[in-house]
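Colleague: Next input, structure requested:
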Amino acid sequence: MKIQGIQRITQHKAFEKELRRLGRKYKTIPEDLLTFINVSVRAVHLLGQKPEDMGHFPIQGLGIENHCCFIAKRFTCKSLKGKGSKSGIRVVYRFEKNTLDLLLIELFHKNDKKLPDLDRVKSILELDYTDK
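Modeller: Presented below is the predicted three-dimensional model:
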């Protein structure tokens with residue numbers, strides 16, 4: 001994936017699995033994800049839009065400073081007609097402003113689970129920071 005202003009986009013293995021699973025149910029989700037990154041993530045992290053205005057909220061309680069980890073609660077899915085940005089799809093990601101890297105961590109529908117798996121997010125972020 002290549003998006004203007006973002007140097008590198010990576011997907012965690014679990015995210016790829018969730019994307020395939022949800023992609024069987026919601027056929028447009030891979031295309032919707034690209035639109036989400038190109039419009040919503042860029043607006044928040046590159047163009048200075050307030051995160052809350054775009055439905056992006058920092059994840060608290062990870063115990064990692066400067067993690068820049070967010071949950072996006074506004075994700076437009078064309079397969080869910082009539083829902084608009086309130087489709088119920090949630091995206092957990094980390095955006096690194098210094099390197100302009102985007103790491104996609106978790107993807108789920110709010111009917112499947114209410115909150116992101118904080119232990120998984122924390123372990124992914126800790127592994128990512130020890131690699132640097």
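Colleague: so how far is residue 119 from residue 40?
Modeller: Going from residue 40 to residue 119 by CB to CB, to the nearest Å gives 26 Å. (C-beta placed from N, C-alpha, C; glycine too.)
Colleague: Can you pick out the residue with more neighbours from the two?
Modeller: Taking neighbours as other CB atoms under 10 Å, residue 40 and residue 119 compare with residue 40 leading, 21 against 9.
Colleague: Validate this expectation: the more buried one resides in a strand.
Modeller: No. Per DSSP: H, G, I helix; E, B strand; the rest coil, residue 40 lies outside any strand segment and is helix.
Colleague: From residue 122, how far off is it?
Modeller: 24 Å.
Colleague: all helices of the protein, in order?
Modeller: Using DSSP state H, the helices of the chain run over residues 13-25, 29-36, 42-45, 118-131.
Colleague: averaging pLDDT over each of those helices, which comes out lowest?
Modeller: Ranked by mean pLDDT, those bottom out at helix 118-131, with a mean of 72.
Colleague: returning to what we had before: mind putting the helices of the chain into JSON lines with distance to residue 57?
Modeller: Formatted as JSON lines, the helices of the chain follow (distance: least, CB to CB, whole Å):
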{"stretch": "helix 13-25", "distance to residue 57": "18"}
{"stretch": "helix 29-36", "distance to residue 57": "15"}
{"stretch": "helix 42-45", "distance to residue 57": "11"}
{"stretch": "helix 118-131", "distance to residue 57": "13"}
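Colleague: Nearest to residue 76, out of the ones you listed?
Modeller: helix 29-36 (6.3 Å; CB to CB).
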